[in-house]
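Q: Following is a predicted model, sequence given first.
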Amino acid sequence: MTTTGANVRSSASMSGSVVRVLDAGTRVRVVGQEGSWRRVADPSGEPWGWVHGSILR
């Protein structure tokens, strides 16, 4: 299986629905944290959803 992007979820959980898929290298702004999850936004600050912190560099 090849991973083509990072799932952005509606909640800080694997059970949250996928609201967006980010391509590798997409720049995001971290605007919140809940455990190992990070709430991400576009560079201007518009929130997108949650990604697991282990996939962010």
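A: Looks like it arrived, so ask away.
Q: Let's check: the centremost residue of this protein is which one?
A: For the chain, V51 is the residue whose C-alpha lies nearest the centre (Cα atoms, centre = their mean; 2.9 Å).
Q: now the helix or strand that residue falls within: how far from the chain's centre is it?
A: Using DSSP states H and E, V51 sits within strand 47-52. Centroid displacement of strand 47-52 relative to its chain, using Cα atoms, centre = their mean, to the nearest Å, is 3 Å.
Q: Can you give the contact residues for that strand?
A: Strand 47-52 is contacted by residues 6-13, 16, 19-20, 22, 28, 31, 34, 36-42 when judged by Cβ atoms under 8 Å, 6 or more residues apart in numbering. Quick note: C-beta positions are derived from backbone N, CA and C, even for glycine.
Q: Kindly recompute the last result at 10 Å.
A: Contacts with strand 47-52, where a contact means Cβ atoms under 10 Å, 6 or more residues apart in numbering, come from 6-14, 16-20, 22, 26, 28-42.
Q: Narrow those to those that are buried.
A: A6, N7, V8, R9, A12, L22, V28, W37, R38, R39, V40 (16 or more other Cβ atoms under 10 Å).
Q: and the third one, that one's in a helix?
A: No - counting by DSSP: H, G, I helix; E, B strand; the rest coil, V8 falls outside a helix, being strand.
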